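Colleague: A predicted structure for the sequence below; I have some questions about it.
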Amino acid sequence: MANPWYKEYSEYLAERWPGLKVQKLSVDAGFSCPNRDGTIGSGGCIYCDNSSFTPGYCNPRQSVAGQLAEGRRFFSRKYPHMKYLAYFQSFTGTHASATERLRQLYDEALAQPDVVGLIIGTRPDSLPENVMDLLSEINHRRRVIVEIGAETSHDATLRRINRRHTWQDVEDAALRLSKRGIECGLHLIAGLPGESSDDVLVTVERACRLPIASIKLHQLQVIRGTILDRLRRSGEIQVTPFSIEEYLDLCVKVVRLIDRRVAIERFLASAPPEMVEAPRWGLKNYQFTNLLLNRLAESSPRSYGQCLSDPDTQRNDN
Ligand code: SF4
């Protein structure tokens, strides 16, 4: 039985690839980011450290094919029938010197065994028309999903965290992708400097007005050695991390705002503990999800009874 409170990402994938078990497999294709390499800026977003969320099997010195083979070996021991979505996660997955280079990398990924589609993480301002043309063309033969780093709908916060794009850029990118028939998901962060829980809810509301298929939300993590870490230590920026209880309360409200048209991919970032300055919750994704399901159940016990009868509900994913 489906989770009664929100559409899970696994449900979304099952709708797109009926009858198959599908999961993301990250690749680091050696892309840079326009907010780091001088194209639009050089400092990067103040909280960013790509190594905090890149799996160990991703090594840009290895080819895309080699990384996918390694990832497949890792997962196929436990899940021999699993199919994969090559996930261009690191930095900006549409930022290359030439569109032909992008085509080569995407086609290399799609040529690997058991790879059934692409997920490309990018910035809202890194989707020029020639890249859109390429994504559209590939999407006609194999499904492409674009994940846009939006983070917040509040332009003052976007400036504060040095994103160097606006919410209007996010809206434009989502609409342009939708017109091309390419599904898109938004990445959002809760607890950015200067933002309240209500600000996060406004962002979620605005996101839900866009033609998107999924939302990935997580709490702000202060990663050791980032600009955010330095500014926080010097007192130039205030960061007040959520407690687990506060974040659970916020996520309950977020779930209530999102109808089943939009899947929720996750609620928790979980960088390696030794990299995290704050907050140090020590929770894995499945542990937080189970806490949230219990919290949702407290407000809707009948649905929870139905949910408990489903063995998939009390998951143990990562
Ligand atoms: S978060 Fe993304 S856009 Fe920002 S600096 Fe890092 S890779 Fe670039």
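Modeller: Perfect, thanks for sending it.

Colleague: Could you use CA atoms for every contact and neighbour count after this?
Modeller: Will do.

Colleague: What segments of the protein are strands?
Modeller: Read by DSSP state E, the chain holds these strands, from start to end of the chain: 7-8, 22-27, 83-88, 115-122, 143-151, 183-190, 214-219, 222-223, 263-266, 276-278.

Colleague: Just send these back as JSON lines, with mean neighbour count and distance to the ligand too.
Modeller: Putting the strands of the chain into JSON lines (neighbours: other Cα atoms under 10 Å; distance: least, Cα to the nearest ligand atom, whole Å) gives the following:
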{"stretch": "strand 7-8", "mean neighbour count": "19", "distance to the ligand": "24"}
{"stretch": "strand 22-27", "mean neighbour count": "22", "distance to the ligand": "14"}
{"stretch": "strand 83-88", "mean neighbour count": "25", "distance to the ligand": "12"}
{"stretch": "strand 115-122", "mean neighbour count": "22", "distance to the ligand": "7"}
{"stretch": "strand 143-151", "mean neighbour count": "24", "distance to the ligand": "7"}
{"stretch": "strand 183-190", "mean neighbour count": "23", "distance to the ligand": "11"}
{"stretch": "strand 214-219", "mean neighbour count": "22", "distance to the ligand": "13"}
{"stretch": "strand 222-223", "mean neighbour count": "24", "distance to the ligand": "12"}
{"stretch": "strand 263-266", "mean neighbour count": "21", "distance to the ligand": "18"}
{"stretch": "strand 276-278", "mean neighbour count": "16", "distance to the ligand": "16"}
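
Colleague: what does the chain put close to the ligand?
Modeller: By the criterion of Cα under 6 Å from any ligand atom, the positions of the chain lying close to the ligand are 33, 35-36, 44-45, 48, 91-92, 123.

Colleague: What residue in the stretch 51-200 of the chain comes nearest to the ligand?
Modeller: Of all residues in the stretch 51-200 of the chain, Phe91 sits closest to the ligand, at 3.6 Å by Cα to the nearest ligand atom.

Colleague: burial of that residue, as a residue count?
Modeller: Phe91: 23 surrounding residues under other Cα atoms under 10 Å.
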